[in-house]
Structures are given as C-alpha cells and as structure tokens.
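here is a sequence with its predicted model. Questions after.
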Amino acid sequence: MVPLAFERVRQTERALLFESPYAHAQITAHEAGWRVLVYLRPEDAAKRGPAAEPGPPRRLKFENGQVRAEGLGPLGLTLEPFALTFGFLTRLRFFALPRVPWQGLPGLEAALPPAEGHPYSGGLGFTLEESPHRRYYGLGERTGFLDKKGKRYTFWNTDETKHTEATDRLYQSQPFLLLSEGEEALGLALDESFPLVFDLAFSHPGRSRIQTPGPTLDLYLLPGPTPAEVVVRLTALFGRPPLPPRWALGYHQSRYGYQSQEEVRAVAEAFAAHGIPLSALWLDIDYMDGYRVFTFDRYRFPDPKALAKELGRRGIHLVAIVDPGVKKEAGYPVYEEGHARGYFVRTARGEELVGEVWPDPAVWPDFTRPEVREWWGNLHRRLLEAGIAGIWNDMNEPSAFALKNARSDPVWGKTLPLSARHGEKTHLEVHNLYGQCMSRATFEGLSRLAPERRPFVLSRAGFLGIQRYAWVWTGDNQSRWEHLLMSIPMLLNLGLSGVAFAGADIGGFAEDASAELLWRWSWLGAFYPFMRNHSAKTSRRQEPYAFGEPWTGRIAEAIRFRYRLLPYLYTLAAEAAATGAPLMRPMFWHFPAEAEAYRVNDQFLLGPALLVAPIVRPGEEARAVWLPPGRWQDWWTGEVFEGGHYQVARDHGRIPLFLREGFAVPLAEEGLAFRVFGERAEGRLYQDAGDGYEPGAWYGLSVTGNRARFEGEARPRVCRREEDGEKPVPLD
Ligand code: GLC
C-alpha cells in the first residue's frame, strides 16, 4: 500500500488537478455530489465511468484547505498525504498498490491487471478512519442483516444458488455505501466495474478499506444529511426507475417446470376457480425449443398467441424468460446471425468463446457493444408478436456451467474467463456490467418495438443503475424461515442502493415450502415492491392453492390485500420514479433521530404510512415490535399504540400491521377509498392510465377532524378505523 501524495494542485474554474509521476487525480463538483477521480495512466483523464451521468461540473474553489462548491458542503483536502474530510468522514486517504495483495480475490495475479508494467499495477484504493458510531448500509444485494459493518464484501456478480447469511458474492453489484453516524447520513459510490473489495472494519477494527485492481478509482461523495437526500443524489447520478405498468404491481405466479401451454392454462384456471387475483404468469425455460432463445417449443407451446389472448381476457399477462446463452448450432438463426456479425464474446486468442449453460454448447452475446444491444433488442419482436408482455433476464452474471475452449477459474465462480474479450476490453473489466447491459438491450428493444407501452423487465444480475432498465429479484433462495427473514434486510439495502423495485421468490425457490411458510411469506410479499411466487422444478408445488384449505383461503387473503393496496403502491411507484425513494424503507428512513431505528432488521415501512412487522418464525401468532415515537394504529382492530417497545404485536390471523398517525392511505375498495388515522391526516394519490405515456395526475387528501377534502373530481370513500368498526369521514 503506497499512500498517494501530490506536491501541488492546479486550479481551474471547474476542477482541481493533481499530478505526480505515476498517479493523477481530479476533483470536480456536480449537482449530485463530489467526484474524485484517481488514475494511473494520463489517458484516463477524460474517463467516463460505466454507469454514472454526473452532468457538467460546477464552479469550485480551493482555499484554506477546503474545497467549496454551491449546494455540496465543503470537502477538506490535504495533498501530502492525499486525503479528504467529508461530513463526518475524516481522513479518507488514497493509496496505490504496487503488486496484487488481493485478499479475498485469489487468482487475480494471473488475470493481467490492466495497468501491467506500471509500478502500481495492483490498483487503487482508499482507507477510512472508523468511528464506533458509524453504520454502513446499502452495498446492493447482500445476504445477512441490515448493518454491514465488520465484514469484507467483494463485488463480482455470481450465480450463487445455495446462498446463506454468510455468502459474500451474489448476482448484483452496487458498490455504494450509505454511511450513518448519529442522525446524519452520507453516501459513497464507486463507478468502477472491475471487481471491488469493501473491507468495512473487518481486517482492522479502526479502519475500513476499499480497493480495485483497475487503473482508475472513480469515487462519488454524496452529501445527506438524510438517507432520503443521499438516495435522491445517488439516483440522480445512476438513474431512477421508470414508472412501471400498473399490472406489474399485482401478484405474479411462476414456477420452473410449467411444461406446456395446457399446464399454464390450468394454473390460470385454478386461480379463477379459487377467486385469487393474478396479474402475470411466467414462462420459465421450458417454453423454448431446446433452450434456444426467441423460440417456442412447437409441441408443448404450439400457440402462445392464443394462450396470451385467452389469459389477457382475464387480466393475466405472460412474462417469458430470456437467457443470454445462445445455442451454438448451425441453422439456428440467432446463432448464425450473431456469428456472422461477430457479436459473441471471444477468448483471449480471438475465437468465439464456447461454453455450456442451459443450451449446450452456448455462446454469449457481447452486450457491452451498442450494435449488439440493438440487434438483441430487436430479436424480441418475435416474443411481442406472440403476446408476451414482459421479459425476464436470468443467468446474466453471466453464469456458465462449463467452458469448452477456455479455462475457467473456480475461484471466480461459474462464469466466463477473466481474460475473455469484449471488444478491446477484458471480461475482468466488464463482468459486473454484463447483466445490466443485457437488460438495457432488452428495455431499449421493448421501448422501440412497442413505444406505446412501458417495458417490463426483470433481471437477476445488475450494477449501479440497473433500476433504469429492470426490476430485480434476489435469485435462488430456499424455502426456509431464515430466507424469509433475510429477504427483509436484503430488499431494504437494495432499495437504499437505488433499486426501488425488487422482490424475493415468495415461498422460496429451492427445497419444499410448508403451507405455513408460504402463508407467512405471502403476507410479507404483499408488501414487497415485486410480489412473485416462484419455485424450482424439483420442489413441491407452491401455488397459493397447493396446500388446500385452510391455507388457500389464508394465502388468497394476503394476495387480495395486495390488490387493495394498489393505489398506495402505485403512488409510491410514481414517487420512486421521481426521486428514487424505495417503496420498502428501513425504519431509519423516516426516523433518523431514533437509535433503535438503525438496529431493526425484521420490520420495515412501506412508504411513509405503514409499518409492517411480519411473522418470521413458525408457530407464532404474535411478535415483538418497536413503534417509533408518535401514535400507531393496529390496522386490523383500530387499537391505538404510543411509540415504544411491545412484546406482543398480534397478527389477527394475517400480519402485524400499523398505520401511522397523520397519514392517509389510498386503497382500492369498491372504487377508491382512503383509510386515515388521526385528527389531522394527509395522503397523496397518483393516477394515470396504468400504462403508456399520457401524463398522470397527483391528488391530495387532507382530513381535519370530521371533514375531508380531496383535490380530484373522484369522490373517494374516506374512513377511520375505530375499535367498534369503520367510521366514515364526510368529504367536503
Ligand atoms: C435459475 C433462476 C431461476 C430459474 C431457473 C431456470 O436458477 O434463478 O429463477 O427458475 O434458473 O430457468
């Protein structure tokens, strides 16, 4: 570790520039935050990161050891050593690595790091002085609990089928930290696609250390002071999720193993027979002809169009999986065309890289190139013509079961070799972007092919900014209570990392769900931004009706509750599109002054108004809950609670759920309704056509005592829940 130091700084109107024989740096100020770019090779001076769009630099000034720019809060700066102070972060010191001491990333020595020959070919990094009061959140998709301090994290998208609380690498990489100390928050984001390591007070309790083997370190410092402000800035940089089609917020049913059109139809019929609402049915890999992407099996799915039409009449959309692995086979048009145009990833020797995934042999399109993305996007025409309404991108870490003409490195997971070529770039550099580039191709293709509709894409892999193109699910979880519990902090940290729309497979993907687990998970899932039940081929069936009564009725109740919540969810979705705010929020999002809010892992807020405390263990009908200061109302009974700790929050046969005083929640109940709590309460509602791009409208509801005012033309029913039932509040 060689500390970086500069003798002088050169000031221009909009940048500070630092030079030394082997390392360079720039500091610029942007609307979202400070950018600090450290680089080894002069040619990287004009580098643009792979995902951030910082916009033009602002005026800045360096005086008396402080850099100032409008709207950003000062940056303390020393040159020798090159170090920064930012908000409560003291002594953020940059270093270079002369060789590759890559703990946790073995094998990297052999991967020919890009600055080969340079004295600092081991890469770049920085250390942070620790504070006992500091907490770390964000970090994208991670197992474990909410606060991430005390562990080392690697960013390398990995198909980790059997992940547990202890797993490090998963499918997504969001190298972003939301740091909090006291009541204050700020953010650090690295727009670097090389593998990264974040050692958060793990190797050394007094210090955190973040490093990359790449030749640049592209760091953004995002001021707070609230978590919401940090996420606004993060998503200003990396993008916000577009408003989804409204149907996507409904209930989705999937299963790996639906073998035929008849089987899919039968599932839809069973939902209808049980009176369970359903917005989408998902087609996993068995719909294809021998896993050839953009085909349908002629015998088992002979008429997808008729199927889509029939389901469409019941309001059910069809979503189809599209994996990146293309079957390498003469006569298969997708392969032939991609091959003729040189669109597939190559080995270091320049041959088409061949491996195995579901199709065998398989090749991988190089989605990092715009022309490949355009081609791929256009291939979706066939699926849209067959009536497919959404696309599910899987295996896009990319996952490779085996390689045929290159050597894989088991340490780096079942993926392409680090030396594979994407144009001029190595796989080492673009691996973490692969899935995102694929979903971008899909999203842009759908936008071109059906410009009047909002694309719906789900992706397993991604990077910072995946939310611009796709929703995310947390991959192959297991039918276990610990996975139900773990999904809460996972989705909360994903939301803090910019991914507002995410879900975990309800009921668990692998292994066998029990009726009780599925019931509890369906209630929790009713509050996920993305509510999908999905399971593996080898696991027991887990559609909502799979276990018979009383379970079917109980699970159906959770799903119907989801549909009651739709106006609220859709309003939160519109808010996410505008500000990046997640739908599912940790307690500290709205209560940053409460120490307890930073510790709670198993309860959360849906938007500002609802507190959800799911049952996370078998056999329980109640649980402990922490209610923040203020008053809260039991959703089911109307009982009122002051803030505080309660040992027994009852589920009332459903889920412990509380409404916050002062808020009004829009609901779909015989038309539009608002449920309010408190003498004074306010709520918002966003409405539009539910798809397409006609502008929508925001409406406010305000309640004072026994009078309610609604801004729109509609006449919603407004009511309060009291212990002896619902009491209407008349509209003015
Ligand atoms: C992967 C996906 C899973 C899917 C399966 C078959 O394991 O994560 O969701 O069902 O592949 O396509």
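Received the coordinates, thanks. Residues are numbered from 1 along each chain as shown.

pLDDT weak spots in the stretch 151-300 of the chain?
Within the stretch 151-300 of the chain, not a single segment meets pLDDT under 70.

and the strands in it?
151-155, 176-181, 184-190, 196-204, 207-212, 216-222, 251-253, 280-283 (DSSP state E, counting those that start in this stretch).

please export the C-alpha coordinates of the fourth one as PDB.
In other words, strand 196-204. Extracted in PDB, the C-alpha atoms of strand 196-204 (Å, rounded to 0.1, in the frame of the first residue of the first chain):
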ATOM      1  CA  LEU A 196     -14.000  -4.300  -5.900                       C
ATOM      2  CA  VAL A 197     -13.400  -5.100  -2.300                       C
ATOM      3  CA  PHE A 198     -15.000  -3.200   0.600                       C
ATOM      4  CA  ASP A 199     -13.400  -4.200   3.900                       C
ATOM      5  CA  LEU A 200     -15.600  -2.500   6.400                       C
ATOM      6  CA  ALA A 201     -13.700  -2.500   9.700                       C
ATOM      7  CA  PHE A 202     -13.100  -6.300   9.100                       C
ATOM      8  CA  SER A 203      -9.300  -6.700   8.900                       C
ATOM      9  CA  HIS A 204      -8.700  -3.800  11.100                       C
END
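
how far off centre is it?
Put simply, strand 196-204 sits 23 Å off its chain's centre (CA atoms, centre = their mean, to the nearest Å).

could you check the angle strand 207-212 makes with it?
160 degrees (axes from the mean of the first three to the mean of the last three CA atoms, to 10 degrees).

out of the strands of the stretch 151-300 of the chain, nearest to the ligand?
Proximity to the ligand (CB to the nearest ligand atom) singles out strand 280-283 among the strands of the stretch 151-300 of the chain, at 8.7 Å. The way it works is simple: take the backbone N, C-alpha and C, and place the C-beta from them, glycine included.

can you put the strands of the stretch 151-300 of the chain in TSV and add mean neighbour count and distance to P489?
TSV is the format used below for the strands of the stretch 151-300 of the chain (neighbours: other CB atoms under 10 Å; distance: least, CB to CB, whole Å):
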stretch	mean neighbour count	distance to P489
strand 151-155	20	13
strand 176-181	24	13
strand 184-190	25	17
strand 196-204	20	15
strand 207-212	22	20
strand 216-222	25	21
strand 251-253	26	22
strand 280-283	22	26
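
switch these over to a markdown table; also include distance to V67.
Below are the strands of the stretch 151-300 of the chain laid out as a markdown table (distance: least, CB to CB, whole Å):
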| stretch | distance to V67 |
| --- | --- |
| strand 151-155 | 28 |
| strand 176-181 | 20 |
| strand 184-190 | 16 |
| strand 196-204 | 25 |
| strand 207-212 | 21 |
| strand 216-222 | 11 |
| strand 251-253 | 48 |
| strand 280-283 | 50 |
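
so the residue of the stretch 401-550 of the chain found nearest the ligand: helix, strand or coil?
Closest residue of the stretch 401-550 of the chain to the ligand, CB to the nearest ligand atom: D476 (4.7 Å). Three-state call for D476 (DSSP: H, G, I helix; E, B strand; the rest coil): coil.

just give me how far stretch 696-715 sits from the chain centre.
That offset, for stretch 696-715, works out to 33 Å (CA atoms, centre = their mean).

buried stuff in stretch 319-330?
Buried residues in stretch 319-330, defined by neighbour count with 16 or more other CB atoms under 10 Å: V319, A320, I321, V322, D323, P324, G325, V326, K327, K328.

closest one of those residues to the ligand?
Taking CB to the nearest ligand atom as the measure, the ligand lies nearest I321 of the buried residues of stretch 319-330, at 5.7 Å.

and the closest residue to that closest one other than its chain neighbours, what are its bridge partners?
Once flanking residues are discounted, I321 sits nearest to W392: 4.4 Å by CB to CB, 6 or more residues apart in numbering. For W392, the beta-bridge partners under DSSP bridges are I321, L458.

what number of residues lie near W392?
When neighbours are defined as other CB atoms under 10 Å, W392 has 27 of them.

that one touches H317, doesn't it?
No. With contacts counted by CB atoms under 8 Å, W392 stays clear of H317, the gap being 11.9 Å.

returning to what we had before: redo the strands of the stretch 151-300 of the chain as JSON lines? Include distance to the ligand.
Shown next, in JSON lines, are the strands of the stretch 151-300 of the chain (distance: least, CB to the nearest ligand atom, whole Å):
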{"stretch": "strand 151-155", "distance to the ligand": "19"}
{"stretch": "strand 176-181", "distance to the ligand": "24"}
{"stretch": "strand 184-190", "distance to the ligand": "27"}
{"stretch": "strand 196-204", "distance to the ligand": "24"}
{"stretch": "strand 207-212", "distance to the ligand": "28"}
{"stretch": "strand 216-222", "distance to the ligand": "31"}
{"stretch": "strand 251-253", "distance to the ligand": "12"}
{"stretch": "strand 280-283", "distance to the ligand": "9"}
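
how far does stretch 528-542 sit from the chain's center?
18 Å.

with stretch 612-629 instead?
Worked out by CA atoms, centre = their mean, stretch 612-629 lies 25 Å from the chain centre.

tell me the backbone dihedrals of T442, please.
The phi/psi pair for T442 (degrees, to the nearest 10) reads phi -70, psi -50.

which ones are touching it?
Shown in contact with T442 (CB atoms under 8 Å, 6 or more residues apart in numbering): V322, W376, G377, H380, I391, N393, P455, V457, Y469, A470.

try it again at 6 Å.
I391, V457 (CB atoms under 6 Å, 6 or more residues apart in numbering).

tally up the residues packed near the residue of the stretch 401-550 of the chain closest to the ligand, please.
20.

so it makes contact with T161?
Yes. Applying CB atoms under 6 Å, one finds D476 in contact with T161, separated by 4.6 Å.

please enumerate the strands of the stretch 601-732 of the chain.
Counting by DSSP E, counting those that start in this stretch, the strands of the stretch 601-732 of the chain are 604-606, 610-612, 622-634, 640-650, 657-660, 663-668, 672-677, 680-687, 697-704, 707-710, 717-722, 725-728.

just so I know, which of those strands lies nearest R300?
R300 sits nearest to strand 663-668 of all the strands of the stretch 601-732 of the chain, at 36.5 Å, using CB to CB.

what helices or strands is that closest one leaning on?
If contacts are counted by 3 or more CB pairs under 6 Å, 6 or more residues apart in numbering; DSSP states H and E, strand 663-668 sits against helix 551-579, strand 672-677, strand 680-687.

show me how far it is from its chain's centre.
Chain-centre distance of strand 663-668: 26 Å, with CA atoms, centre = their mean.

do stretch 524-535 as well
Distance, centroid of stretch 524-535 to centroid of chain: 14 Å (CA atoms, centre = their mean).

please renumber so the chain begins at 622
From this message on, residue numbering opens at 622, which makes the last subject stretch 1145-1156.

now do it: everything it contacts.
872-876, 1092, 1122-1124, 1126-1128, 1130, 1163, 1179, 1182-1183, 1204-1205, 1227, 1233, 1235.

I1012 contacts L1079, correct?
No. Between I1012 and L1079 there is no contact under CB under 6 Å: 7.5 Å.

look at the two and report which has more neighbours.
L1079 (26 against 23).

between the two ends of stretch 1338-1349, what distance do you get?
Distance between the two ends of stretch 1338-1349: 7 Å, counting by CA to CA, to the nearest Å.

quick one: average pLDDT of it?
Averaged over stretch 1338-1349, pLDDT sits at 92.
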